[in-house]
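In: with the sequence up front, the predicted model follows.
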Amino acid sequence: MRPFSQLLDALVYTRSRNGKLALIAAYLRAAPDPDRGWALAALTGNLDLKAVKSSAIGEMIRARVDPVLYEMSRDYVGDLAETVALLWPPPPGEPPDLDDGTLTLATVVDRLHATSRAAAPDALAQMMDQLDASGRFALLKLATGGLRVGISARLAKTGFAQAFGLDVDDVEQVWHALSPPYTALFDWAEGRAARPDPAGTPFFRPFMLAHPLEADSVDLADYAAEWKWDGIRIQIVGTGSETRLYSRAGDDISASFPEIAAAFTGHAVLDGELLVRGEFQGGEAAASFNALQQRLGRKLVSARMQTDYPAFVRLYDLLLEGDEDLRALPWAQRRARLEAYMPHLDATRFDLSAIIDAADFDALADIRAGARDAAIEGVMLKRRDSPYVAGRKAALWYKWKRDPLTADCVMMYAQRGHGKRSSFYSDYTFGCWTADGELHPVGKAYSGFTDEELKWLDRFVRQNTVARFGPVREVEKTLVLEVAFDSIHDSKRHKSGLAMRFPRIARIRRDKPSAEADTVEGLRKLVR
């Protein structure tokens, strides 16, 4: 267990992407089977354990230390697993040999797999008695089902590929045909077996992505333009007998949108935007992202949820048709094939993303200028002769997003971050003024500022706290933050009735009195 816990510690405190990749690669080369396979499953979010509830862990620690000490420590540290790992007292009697090598990662996984949910806290406590603080932290992160060490599933797969000199796209091709602890994957990586064959399974293909447009213009004789819709990009993979839906990161989201998977019975791979029916985006039968968000991340979706938020896919591309791989064809030919394929699809669940008719780039710029009024994210530019290649390739596809909106808001609450930010108040809730002079929350942000600005903001929170609510601090309503956001929507989750899309801190307005911050009514005018 110690090598895995040391890996997690190192990942938390390593900032650079290359540094994280090197750590993952070194661990996977050195760790034995099946420990490294379970570690890879945990890092990619594919370790399915009977998660122990946070409340049960809180009861465990309160039974062993002064509850007041625990609450104060939790407030200071900000992370449940880290607090409990540091506070956990040694068992009474003869102290055990801490982490003597018998409690491996595989042993932990086997025990938690075999333990009922009711018995899991006791089993967890017994294992924690055998571990040091670092090991207890790793164990609790595994048991609660959220590592949160600053890496994505794609980064973990890239680290695996780097460890064994493989192409990460080749790893993605076989990934969903395998299951933890990935014995066949490591056998292939180390030359003991041939590459696993995913044929016949609905496996993921890496997406083609776009660069932001930085040039002043492009020639529309070479590029086609289409709208950039505000949903989530998905891949639909069907074998004729089974269909799966994948997110851009390669996560299987079929269970969250079962009606889409059920509606596609073909043998093909399609690329599109997952949306919810409505009249928000350009009057094109697409609701706001806020409506889609009601369904994201759900493992079980009720019939009521499917009725209230009916999902559909706006299609962009056709990657495979039957056994024919179309990715090497020019975009124009793939587009023609997609248009010809549309009659085979359920029109209530699938439609086609329209091409924007513009005489030249200047005309397209004028059309794009209306994107905000139509609540559309922006424009995509796709080279007509471009093949479908994984990742971002220069000069093939561009995204030309609309400029962000900004508002001056007042900081109301702050909470500690996670990982390397667990010692800083880095998550900020901010609000705008109502007509009767009250501040109502309109959003929360934890990005957009530099490390130096984070230190300044953390000091401000500590020196201007007026009340505490567990890990949350209420601050004096004196600091104005200029917040940039992509759009704003009606929301029942906030008292203001509004919610921002992708808010981030653009500037700290120390120069501006809080009374001059923006109003809720002013923000409401930005809602389409």
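Out: Right, received. Where do you want to start? Numbering: from 1, shown residues only.
In: what helix or strand is Ala332 on?
Out: helix 331-341 (DSSP states H and E).
In: now that helix: mean pLDDT?
Out: Mean pLDDT, computed over helix 331-341, is 98.
In: can you check the pLDDT for Gly283?
Out: Reported pLDDT at Gly283 in the predicted model: 54.
In: hang on, I meant Pro96
Out: pLDDT at Pro96 comes out at 56.
In: and Asp230, by the same measure?
Out: 83.
In: pretty sure Val77 is touching Ser422, no?
Out: Yes. Between Val77 and Ser422 there is a contact under CB atoms under 8 Å: 6.3 Å. Yep, even glycine has a C-beta here, placed from its N, CA and C like the rest.
In: still on that earlier bit, need the next SSE after the helix holding Ala332, C-terminal direction.
Out: strand 350-352.
In: sheet-wise, list the partners of that following strand with their directions.
Out: strand 311-321 (parallel) (DSSP bridges).
In: now do the strand it pairs with, average pLDDT.
Out: 97.
In: all strands of the stretch 101-250 of the chain, in order?
Out: With DSSP state E, counting those that start in this stretch applied, the stretch 101-250 of the chain shows strands at 208-209, 211-212, 223-228, 232-239, 243-247, listed in chain order.
In: how distant is the first one from the center of its chain?
Out: I take that to be strand 208-209. Mean C-alpha position of strand 208-209 versus that of the full chain (CA atoms, centre = their mean, to the nearest Å) differs by 17 Å.
In: which elements pack onto it?
Out: For strand 208-209, the contact count by 3 or more CB pairs under 8 Å, 6 or more residues apart in numbering; DSSP states H and E identifies strand 391-392 as packing neighbours.
In: so what are the sheet partners of the strand it packs on and their directions?
Out: Applying DSSP bridges, one finds strand 391-392 paired with strand 208-209 (parallel).
In: what residues of the helix holding Ala332 count as buried?
Out: 331, 334-335, 337-338, 341 (16 or more other CB atoms under 10 Å).
In: now swap in stretch 47-66 and tell me
Out: For stretch 47-66, a neighbour-count test (16+ other CB under 10 Å) marks 47, 49-50, 52, 56-58, 60-61, 64 as buried.
In: and what of stretch 515-526?
Out: So, applying 16+ other CB under 10 Å, buried residues of stretch 515-526: 517-518, 520, 523.
In: specify which member of these is nearest to Pro198.
Out: Taking CB to CB as the measure, Pro198 lies nearest Leu523 of those, at 48.0 Å.
In: so who does that closest one touch?
Out: 407, 432, 442, 488, 496, 498 (CB atoms under 8 Å, 6 or more residues apart in numbering).
In: re earlier: adding distance to Arg117, write the buried residues of helix 331-341 out as CSV.
Out: As requested, these are exported to CSV (distance: CB to CB, whole Å):
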residue, distance to Arg117
Trp331, 50
Arg334, 48
Arg335, 50
Arg337, 49
Leu338, 46
Tyr341, 46
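In: and those, which is closest to Ser116?
Out: Among the buried residues of helix 331-341, and counting by CB to CB, the member closest to Ser116 is Tyr341, at 48.3 Å.
In: secondary structure element for Trp456?
Out: Using DSSP H and E, Trp456 falls in helix 451-463.
In: now do the helices in the stretch 251-400 of the chain.
Out: 258-263, 289-293, 303-308, 331-341, 361-369 (DSSP state H, counting those that start in this stretch).
In: ok, back up a step: quick one: least confident of the contacts of Leu523?
Out: Lowest pLDDT of the contacts of Leu523: Ile488, 84.
In: can you list the strands that the helix or strand hosting that residue pairs with?
Out: Per DSSP H and E, Ile488 falls inside strand 487-490. In the sheet, strand 487-490 lines up against strand 498-501 (antiparallel) (DSSP bridges).
In: can you list the low-confidence ranges for the stretch 351-500 of the chain?
Out: 371-375, 419-420 (pLDDT under 70).
In: what of the stretch 201-350 of the chain?
Out: 280-284.
In: again, only this time at 50
Out: By pLDDT under 50, the stretch 201-350 of the chain has no low-scoring segment.
In: please enumerate the helices of the stretch 51-200 of the chain.
Out: 54-62, 67-77, 80-87, 105-114, 120-128, 133-144, 153-164, 168-175, 183-189.
In: now mean pLDDT and distance to Ala358 too, for these, in JSON lines please.
Out: Shown next, in JSON lines, are the helices of the stretch 51-200 of the chain (pLDDT from 0 to 100; distance: least, CB to CB, whole Å):
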{"stretch": "helix 54-62", "mean pLDDT": "90", "distance to Ala358": "53"}
{"stretch": "helix 67-77", "mean pLDDT": "85", "distance to Ala358": "55"}
{"stretch": "helix 80-87", "mean pLDDT": "91", "distance to Ala358": "53"}
{"stretch": "helix 105-114", "mean pLDDT": "91", "distance to Ala358": "55"}
{"stretch": "helix 120-128", "mean pLDDT": "90", "distance to Ala358": "59"}
{"stretch": "helix 133-144", "mean pLDDT": "90", "distance to Ala358": "51"}
{"stretch": "helix 153-164", "mean pLDDT": "93", "distance to Ala358": "34"}
{"stretch": "helix 168-175", "mean pLDDT": "88", "distance to Ala358": "34"}
{"stretch": "helix 183-189", "mean pLDDT": "96", "distance to Ala358": "47"}
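In: among those helices, which comes closest to Asp219?
Out: helix 168-175 (30.1 Å).
In: and that closest one, what other elements does it pack with?
Out: By 3+ CB pairs under 8 Å, 6+ apart, helix 168-175 packs against helix 153-164, helix 183-189.
In: so which of those gets nearest Thr465?
Out: helix 153-164 (35.6 Å).
In: helices and strands around the closest one, which ones?
Out: Using 3+ CB pairs under 8 Å, 6+ apart, helix 153-164 sits against helix 17-30, helix 35-43, helix 168-175, helix 183-189.
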